[in-house]
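K.L.:
Return a 3D structure for these sequence lines:
(2 chains)
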Amino acid sequence: MSQTSTPTVPVLSVKNLTTSFLVDGDWKSVVRNVSFDVMPGETVAIVGESGSGKSVTSLSIMRLLASNTSRIEGEVMLNGRDLLSISEKDMRGVRGNEASMIFQEPMTSLNPIFTIGRQISEVLTRHKGMSKQEARAETVRLLEKVRIPNAQSRFDEYPHQFSGGMRQRVMIAMALASKPKLLIADEPTTALDVTIQGQILDLIKVLQEEEGMSVLFITHDMGVVAEIADRTIVMFRGDEVETGPTEEIFHCGKHPYTRALLSAVPKLGSMQNHAWPTRFPVVDMKTGLAVEPIEVAGTVEKGRTPVLSVKNLVTRFPIRSGLLSRQTGSVHAVENVSFDLFQGETLALVGESGCGKSTTGRSIMRLVDPTGGDISLDGYDVLRLDQVSLRNMRKSVQMIFQDPFSSLNPRMTVGSAISEPFIKHRLGTVKQAREKTADLLEKVGLSADMAKRYPHEFSGGQRQRIAIARALALDPKVIVADESVSALDVSIKAQVCNLLLDLQQSLNLSFLFISHDMAVVERVSHRVAVMYLGEIVEIGPRAAVFDNPQHPYTKKLMAAVPVPDPARRGIRRGISNDELKSPVRGMDYRPPVREYREVSDGHVVQVA
Amino acid sequence: MPVYIGKRLLVAIPTLLIISIFVFSLQKLLPGDPILAMAGEERDPATIEFLREKYHLNDPIITQYLSWVGGIMVGDFGVSLRTNQPVLELIGQKLPVTIQLAVMAMILAMLIGIPAGILAAVYKNRTLDYVANVVALSGLSIPNFWLGIMLILLVSVNLGWLPASGYESIFVDPVRSLKTMIMPAFVLSTALAAQLMRHTRSAMLGVLSSDYIRTARAKGLSPREVILSHTFRNALLPIITLSALLFGELLGGAVLTEQIFTIPGFGKLTVDAVFTRDYAVVQGIVMCTAIGFIVMNLIADILYVLLNPRLRATL
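P.N.:
Residues are numbered from 1 along each chain as shown, chains lettered A, B, ... in the order given. Next comes the predicted model:
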């Protein structure tokens, strides 16, 4: 503990916090001996990967875990009172009053059947003894404080009428209602798009200053930590491995795990001197020693015809309403998108929710039916294939999805999951399929004897490797990787990215890498296309787009990405509450004709 | 809202048409001949032919169907082949009895099943939950005729608290009416309460584990507020669906229970009509039950919209 003795008393002082869960009749500790202080006005971050116990720590402080299956030991002093020894009734007077909490999922954290106004005023009537009218007036003031436009009129609206970012603002307003001394923010920006994340981080910082409260910030994102935290606690599998001022943790972390974690974090702007995609440095979790990252030599064969060529792709989804389901509008998911992908190349499609990047990927696979355009893939005229040729076409292009937990059939062994495409496409005998499966498992870094196991026996990273093996079973030329590393922990993410780079090199694969994560994209791709509202607004070689972004949206997107560099702490992006625009258009909408200009060789930008 | 209800009623018309076709054709496909049943021992060909003509049984099937549906449109469900009474009159005599029994059974079932389900969910995997589950299972597995007979023995014969059987209209003598109906209603409600309890429990558990309940608890709300206002109102949707279905079923009548308590309800009418091949009556009863089901579903849909602001927005 590197606790500098300041004369002030900490707002929150946690000592030897140990939390255990009752699992099959045994008490299993998930958080062990965690101790830290949070000073008035200070921001302390708890950072760690999944299973590190960071969220359990925050829920233990608030005593929000199920009382019959969990046991909390130690001491949690809030304003001089031990929260673990007071009655449940007294604890209710603390929650939402002296200490309040905001959560990760703004979409599900608000009750869908009550107006947001009612949900906020509830706190005021409960803790401050306000009348309904007083609470209403105060709630409107709070909604204004969190910069929700037209606060007065939005009081009576329901959660579904708000976007994710706006809902998180509502959650913050609710948490601040009783002017708490401590705000616990459990991954408050993880589920948000990057530009919205920037807004919410800024808002928390501003409100913290205005209210003078302390913040305990739980996150897995080193970039967010660097931006917001005065001090940082690193947790690993239930233990607090290191505590210190954020700069120290970042620059001279002592614990090997800290260093391993930090080196696995992709850092936007770290690729300035690299010409090619570069592997993530691999750090030994025990020694903390890093293996220098290797640049992957040129794999791209530009001279030949592109393996995938998309021209003027348009995909729209009709919106129907009324008794007769008349079409009243369309989601213009993909609007006039064109690009080429060469053998051995990685083209990244980046953008925020609703920009059409996933729909583009699905259109190429014909998992959705595009409205118009041309797609030529390995000689197939994709949009004009009959059922039989479509099946054959899918040998050339395969997909890896985001969630490795739901994209593998739980009742199928991983071996049969991997060999199924091989057998269904009649590429060989069952014996050959088995050999192929064994070979693929080895290729993705697992062992051949794992084929008999079921998905639940594997971790998230391993499952994603299995999904990759399954995609490789047909020897495809192109792989559409739709947010394939987004759900993984940083260290696992680095490993899977490295695997993809290795496979690209050895099998000469082409990747369409769909991602919202700018830092990962910078690391793995040869070329980048930035999508906004269904259109590509900027496309070009990775170095050109990242070093010399031209389109305002690209610039905005890059500025919003939190960079794991504590020197950036306290940066403000300027409070804004722009929302992501919706690609839903009326029947009379005609997409405007766009003009493009070439910035440099292959770097093309939409003229706004 | 009126527009919504209007639309839903329009949608109900094709449903009813399909049901009517189904009911009508089932009757014609079933073995047995009502005329033979009516003619009894005689089997005089002339009589049989006369009866067939009289009841239009010799007409083409389409004509028969159309005249039947046409009759229903103007409130004429035909005449019972057995008693010559208009079907509507027969149904009109029994319907109030069945409705009263169904309403009382449903209220009892909800009063028992819903609170039990809430408690079982709140005290999940603890004694109260186990007790509620065992009671619910018993409610489902104990046959109604047995429970009815036992109750009559205990409450009426031994204790003499309630009449063992009979029926009194609620409009004539409300107290006596409730007294005679409470036992059969309770017998009917046991299985319903058990189903409601199970559904309430699982709906409550689903909502209790949701993020917004965690938010409500993190606000410092009392367990009462969290459970009754934040959780229960969200858990109501599946409970409404189930209640509407169960009530629709009750409207079909409860043969055994009616028999044991000698209540002149729908169930007995149905069974008698089926055994005597009294087509007109069976068809009338099925159509009435179907209309009852549709009305209950409509009510459930309206409640849905009232409870769920998201659905309200799409109106």
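K.L.:
Next, see if stretch A:126-142 gets close to chain B.
P.N.:
Yes: judged by CB under 8 Å from any CB of the partner chain, stretch A:126-142 comes into contact with chain B at A:126-127. C-beta coordinates here come from the backbone N, C-alpha and C atoms, glycine included.
K.L.:
Now do the buried residues in that stretch.
P.N.:
Across stretch A:126-142, burial judged by 16 or more other CB atoms under 10 Å in any protein chain shown covers A:126-127, A:130, A:135-140, A:142.
K.L.:
so what's the spatially most central residue of chain B closest to, chain neighbours aside?
P.N.:
Centroid-nearest residue in chain B: residue B:250, 2.2 Å away (criterion: CA atoms, centre = their mean). Among residues not flanking residue B:250 along the chain, residue B:102 sits closest, at 3.6 Å (CB to CB, 6 or more residues apart in numbering or on different chains).
K.L.:
cool, and residue A:222?
P.N.:
residue A:564 (4.0 Å).
K.L.:
how about that neighbour, secondary structure?
P.N.:
Of the three states, residue A:564 takes coil according to DSSP: H, G, I helix; E, B strand; the rest coil.
K.L.:
since we're on it, how many residues are nearby?
P.N.:
Residue A:564: 22 surrounding residues under other CB atoms under 10 Å in any protein chain shown.
K.L.:
returning to that earlier point: surely the residue nearest to the centre of chain B and residue B:189 touch.
P.N.:
No: counting by CB atoms under 8 Å, residue B:250 does not reach residue B:189; the two are 9.4 Å apart.
K.L.:
Now list whatever residues contact both of the two.
P.N.:
B:105-106 (CB atoms under 8 Å, 6 or more residues apart in numbering or on different chains).
K.L.:
Could you tell me how far the closest residue to residue B:218 other than its chain neighbours is located from residue A:187?
P.N.:
Once flanking residues are discounted, residue B:218 sits nearest to residue A:101: 4.5 Å by CB to CB, 6+ apart. Distance of residue A:101 to residue A:187, given as CB to CB, to the nearest Å: 11 Å.
K.L.:
do the same with residue A:181
P.N.:
According to CB to CB, residue A:181 stands 21 Å off from residue A:187.
K.L.:
Same question for residue A:41.
P.N.:
22 Å.
K.L.:
Of these two, which one has the most company?
P.N.:
residue A:187 (20 against 16).
K.L.:
Now do the phi/psi pair for the more buried one.
P.N.:
Reported as degrees, to the nearest 10, the phi and psi values for residue A:187 are phi 50, psi 50.
K.L.:
Likewise for residue A:602?
P.N.:
Taking degrees, to the nearest 10 as the convention, residue A:602 sits at phi 80, psi -10.
K.L.:
surely it meets residue A:527?
P.N.:
Yes: counting by CB under 8 Å, residue A:602 touches residue A:527, with 7.4 Å between them.
K.L.:
Find the residues that touch each one of the two.
P.N.:
Counting by CB under 8 Å, 6+ apart, the shared contacts of residue A:602 and residue A:527 are A:540-541.
K.L.:
Counting neighbours, go ahead and name the busier of these two.
P.N.:
A direct count of neighbours by other CB under 10 Å for residue A:602 and residue A:527 places residue A:527 higher, at 23 against 13.
K.L.:
Wasn't residue B:59 part of a helix?
P.N.:
No: checked against three-state DSSP, residue B:59 lies outside a helix; its state is coil.
K.L.:
still on that earlier bit, could you name the helices and strands sitting against the helix or strand hosting the residue nearest to residue B:218?
P.N.:
Residue A:101 belongs to strand A:99-102 when elements are defined using DSSP states H and E. In terms of contacts (3 or more CB pairs under 8 Å, 6 or more residues apart in numbering or on different chains; DSSP states H and E), strand A:99-102 is packed against helix A:164-176, strand A:182-186.
K.L.:
Next, report how far it is displaced from the centre of its chain.
P.N.:
The chain centroid and the centroid of strand A:99-102 are separated by 22 Å under CA atoms, centre = their mean, to the nearest Å.
K.L.:
repeat for stretch A:109-120
P.N.:
With CA atoms, centre = their mean, you get 25 Å for stretch A:109-120.
K.L.:
right, is that stretch up against chain B?
P.N.:
Yes: on the criterion CB under 8 Å from any CB, stretch A:109-120 is in touch with chain B at A:109-115.
K.L.:
Give me the buried subset of the residues you listed.
P.N.:
Neighbour counting with 16+ other CB under 10 Å marks A:109-111, A:113-115 as buried within those.
K.L.:
Which single one of these is nearest to residue A:92?
P.N.:
Residue A:92 lies nearest to residue A:111 out of these, by CB to CB, at 17.7 Å.
K.L.:
which ones are touching the closest one?
P.N.:
Going by CB under 8 Å, 6+ apart, residue A:111 touches A:119, A:159, B:212-213, B:215-216, B:230, B:234.
K.L.:
Try it again at 10 Å.
P.N.:
A:118-119, A:122, A:158-159, B:207, B:210-213, B:215-216, B:229-231, B:233-234 (CB atoms under 10 Å, 6 or more residues apart in numbering or on different chains).
K.L.:
Same check on residue B:186?
P.N.:
Residues near residue B:186 by CB under 10 Å, 6+ apart: B:104-105, B:108-109, B:112, B:147-148, B:151, B:155, B:193, B:257.
K.L.:
Spit out the residues that contact residue A:101 and residue A:187 alike.
P.N.:
Common contacts of residue A:101 and residue A:187, defined by CB under 10 Å, 6+ apart, comprise A:58, A:218.
K.L.:
Which ones among the buried residues of stretch A:126-142 lie within helices?
P.N.:
The members of these that map onto helices under DSSP state H are A:126-127, A:135-140, A:142.
K.L.:
Tell me where the model's unsure across the stretch 351-500 of chain A.
P.N.:
Across the stretch 351-500 of chain A, not a single residue meets the criterion (pLDDT under 70).
K.L.:
where along it do the strands fall?
P.N.:
Using DSSP state E, counting those that start in this stretch, the strands of the stretch 351-500 of chain A run over A:372-377, A:380-381, A:397-400, A:478-482.
K.L.:
pLDDT-wise, which helix or strand of chain B ranks last?
P.N.:
Least confident helix or strand of chain B, by mean pLDDT, DSSP states H and E, is helix B:34-39 with a mean of 68.
K.L.:
Not counting its neighbours along the chain, what's nearest residue B:268?
P.N.:
Spatial nearest neighbour of residue B:268, excluding adjacent residues (CB to CB, 6+ apart): residue B:258 at 5.4 Å.
K.L.:
now do residue A:390
P.N.:
Using CB to CB, 6+ apart, the nearest residue to residue A:390 is residue A:366, at 6.0 Å.
K.L.:
Check residue B:210 too.
P.N.:
Distance criterion CB to CB, 6+ apart; nearest residue to residue B:210, sequence neighbours excluded, is residue A:108 at 6.4 Å.
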